[in-house]
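Engineer: sequence first, predicted coordinates after that:
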Amino acid sequence: LDRYFNNQSVANLPPSAPTNLTAYGVGGKWVLRWNKVGNDDHTSSNLIRYQVAVRTQANTNFTYASTNVALATHNGRDQSHGAMGNVPISNFFRTSVSNISRTIVWKVRAIDSAYKAGPWSALRTNYPSPVVNLNLLVGYQSITNAFNDPSLANGHVIEVAPGIYQENVRILSRTNITLRAKSYILSGVRTNTIIRATGNAVQAIDVNNSSRCVIRGFTITRGSNIGINLSTGISRSNLIVNNLLRSNYYAIACGENSDFTTITSNVFDGAGYSTAGIDIGSADFCVVSNNVVRGGGYGIVTTSAAYNRIIDNVISSNDLSGVYLQSPGNTNNYFAGNAFDGKGYQNRGAEYINLTGGFDTWTNNVFRNHTQAGIQFNNASPGYRIVNNVFSNNTGANLTIFGGVGVQVVAGNRMDGGGMTGYGILIQNTNRGAVISNNKIKSHTTHGMDIQNYYISNYIVGNEIFSNTFGGINFQPSARGKSSRIIRNRIH
């Protein structure tokens, strides 16, 4: 029987040391990776297990971690293995508690199927990565590096830790990418993760030919032309939410291919620098809601834009106009629930210039404290509806209509001059087909309504006009009327 025993002594060489150690912070935890070692003399690469030893930078002792052991103080002694390593057939290890805020020092070694341990790898020191791709579990030292990673794919989420990032971020030809500030996600703070454009960069963030992307929770500043640019290529259905945009020449700029953009719950602070907070440009079907837009020249600008909804914003302290609509083609836009406050030096709450589109609706907005007008139309086209708004203390006039032809509806508004506004409604030059009904107009320093030059086929009915210094309705000597009806108004 002896002849059948295997009495040969078989050498078993240890596996080689793992290489390319990397560590990334994800979800408050460290994720450790390394390259698998190759086959050793008796164990294939796919059957080799690993042992990980980790310590913090301040601690001199290693923790020999089992698969879900946290980083913590440990006696540092290398204990015998109860199994083949503490990381089963893998090159991936995730700590179980939040230690992302601490620098770690770690090493790893391979263990073969006969429990033979190889040499430790070189020590690796990892500092918390400020930028993490949550899908790849990969960290970066800059936002730009995250977007330049060839492994970045549509649908990925890039999360950014608090800090100042002096770079010019470009999102190029992507779909459904989310760029978000970690501090906003955790605690609603958007002031400590700052993207600051460098040098003479035109944009702090350039969304170029990218759609359905999200930018959330940042302070974005010093774009010499634009804070967030959405006007290049076809960049539709993007979401800009919960950001603070400060000291950019234009805070956000859309283009003709930026349709269906949503801009919501942001703060735009352009004091002393900005030309405009939001430039919708000629984009259609956008939603601009629940933003605070203050300072700068214009709050919101549109150029040949249609079917946009501008709702529930606070727009204040703009030097020129809260909303500025210019050029032909602005049509069927909807403005509701906005609060416009000029704070004594803003010229107009809203201003229309040479428009041929028409059919915009203004309802349930508040206009106050502008130095020239609450809303001013200059050669505007037909179909505007100004319904159920509140106007107060707009120094020149609460509502001014200069020129333009076609039906305008001004109904159900409350206009209070507060003893300092010149006119409730001022109509000059040709205005055909206006319907001015059921408004309450009071306490203006001249007339409740003043009509100058031509007024043709207007319908002024059911208004209450009272306590205006020089009277209710005034027709200037130059005014010539035709087919207008002024009936059932209460003037006292």
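Structural biologist: Thanks, I have the structure now. Just so it is clear, the model here is predicted, and its values are computed rather than measured. Numbers count the residues shown, from 1 in each chain.
Engineer: export stretch 400-413 to CSV, keeping only CA atoms.
Structural biologist: C-alpha atoms of stretch 400-413 as CSV (Å, rounded to 0.1, in the frame of the first residue of the first chain):
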residue,chain,number,x,y,z
THR,A,400,-48.5,102.1,-20.2
ILE,A,401,-49.5,101.3,-23.8
PHE,A,402,-47.6,103.1,-26.5
GLY,A,403,-48.7,102.4,-30.0
GLY,A,404,-49.5,99.0,-31.3
VAL,A,405,-52.7,97.7,-32.8
GLY,A,406,-55.2,95.0,-32.1
VAL,A,407,-57.1,93.6,-29.1
GLN,A,408,-55.6,94.1,-25.6
VAL,A,409,-57.5,92.9,-22.6
VAL,A,410,-56.9,94.7,-19.4
ALA,A,411,-59.4,93.3,-16.8
GLY,A,412,-59.8,92.8,-13.1
ASN,A,413,-56.6,94.5,-12.1
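Engineer: distance between it and the chain's centre?
Structural biologist: In terms of C-alpha atoms, centre = their mean, to the nearest Å, the centre of stretch 400-413 is set 34 Å apart from its chain centre.
Engineer: what's the answer for stretch 248-264, then?
Structural biologist: 10 Å.
Engineer: now the terminal residues of it, how far apart.
Structural biologist: Start-to-end span of stretch 248-264 (C-alpha to C-alpha, to the nearest Å) is 18 Å.
Engineer: over to stretch 379-391?
Structural biologist: 22 Å.
Engineer: show the backbone phi and psi for the nearest residue to residue 145 once chain neighbours are set aside.
Structural biologist: Closest residue in space to residue 145, ignoring its immediate chain neighbours: residue 131 at 7.0 Å, by C-beta to C-beta, 6 or more residues apart in numbering. Every C-beta, even on glycine, is put in place using the N, C-alpha and C of the backbone. Here is the backbone geometry of residue 131 (degrees, to the nearest 10): phi -120, psi 130.
Engineer: if residue 131 is in a bridge, with which residues?
Structural biologist: For residue 131, the beta-bridge partners are residue 140, residue 160 (DSSP bridges).
Engineer: and it, how far from residue 148?
Structural biologist: In this view, residue 131 and residue 148 are 11 Å apart by C-beta to C-beta, to the nearest Å.
Engineer: overlap in contacts of those two?
Structural biologist: By C-beta atoms under 8 Å, 6 or more residues apart in numbering, residue 131 and residue 148 have no common neighbours.
Engineer: ok, those two, which is more surrounded?
Structural biologist: When residue 131 and residue 148 are compared for neighbours, residue 131 comes out ahead with 24 against 12, by other C-beta atoms under 10 Å.
Engineer: check contacts around the more buried one.
Structural biologist: 139, 140, 141, 142, 143, 145, 146, 158, 159, 160, 161.
Engineer: the last one against residue 130, yeah?
Structural biologist: This points to residue 161. Yes: under the criterion of C-beta atoms under 8 Å, residue 161 makes contact with residue 130 at 4.3 Å.
Engineer: low-confidence ranges, the stretch 251-400 of the chain, go.
Structural biologist: The model of the stretch 251-400 of the chain has pLDDT under 70 over residues 271-273, 327, 344-346, 354-357, 380-382.
Engineer: about what we covered before: the residue nearest to residue 145 and residue 282: what is the separation?
Structural biologist: Per C-beta to C-beta, residue 131 is found 34 Å from residue 282.
Engineer: and residue 422, what does it touch?
Structural biologist: By C-beta under 8 Å, 6+ apart, the contact list for residue 422 reads 395, 396, 397, 444, 445, 446.
Engineer: of those residues, which belong to strands?
Structural biologist: Counted as lying in strands by DSSP state E, out of the contacts of residue 422, are residue 397.
Engineer: present the contacts of residue 422 as a markdown table; the columns should include neighbour count.
Structural biologist: Shown next, in a markdown table, are the contacts of residue 422 (neighbours: other C-beta atoms under 10 Å):
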| residue | neighbour count |
| --- | --- |
| 395 | 19 |
| 396 | 17 |
| 397 | 29 |
| 444 | 31 |
| 445 | 15 |
| 446 | 18 |
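Engineer: mind listing what's buried in the strand or helix carrying residue 351?
Structural biologist: In this assignment (DSSP states H and E), residue 351 forms part of strand 339-353. Judged by neighbour count using 16 or more other C-beta atoms under 10 Å, the buried positions of strand 339-353 are 339, 340, 341, 342, 346, 347, 348, 349, 350, 351, 352.
Engineer: which secondary structure elements does it contact?
Structural biologist: strand 314-316, strand 321-326, strand 366-378 (3 or more C-beta pairs under 8 Å, 6 or more residues apart in numbering; DSSP states H and E).
Engineer: so which elements touch the second one?
Structural biologist: This points to strand 321-326. strand 298-303, strand 314-316, strand 339-353.
Engineer: contacts for the last one?
Structural biologist: Outside of strand 339-353, the residues within contact range by C-beta under 8 Å, 6+ apart are 313-327, 330, 335, 362, 365-380, 384, 394.
Engineer: give the pairing partners of that strand; include direction for each.
Structural biologist: strand 314-316 (parallel), strand 321-326 (parallel), strand 366-378 (parallel).
Engineer: distance check, the residue nearest to residue 388 when sequence neighbours are not counted against residue 463.
Structural biologist: Once flanking residues are discounted, residue 388 sits nearest to residue 412: 4.4 Å by C-beta to C-beta, 6+ apart. Counting by C-beta to C-beta, the gap from residue 412 to residue 463 is 10 Å.
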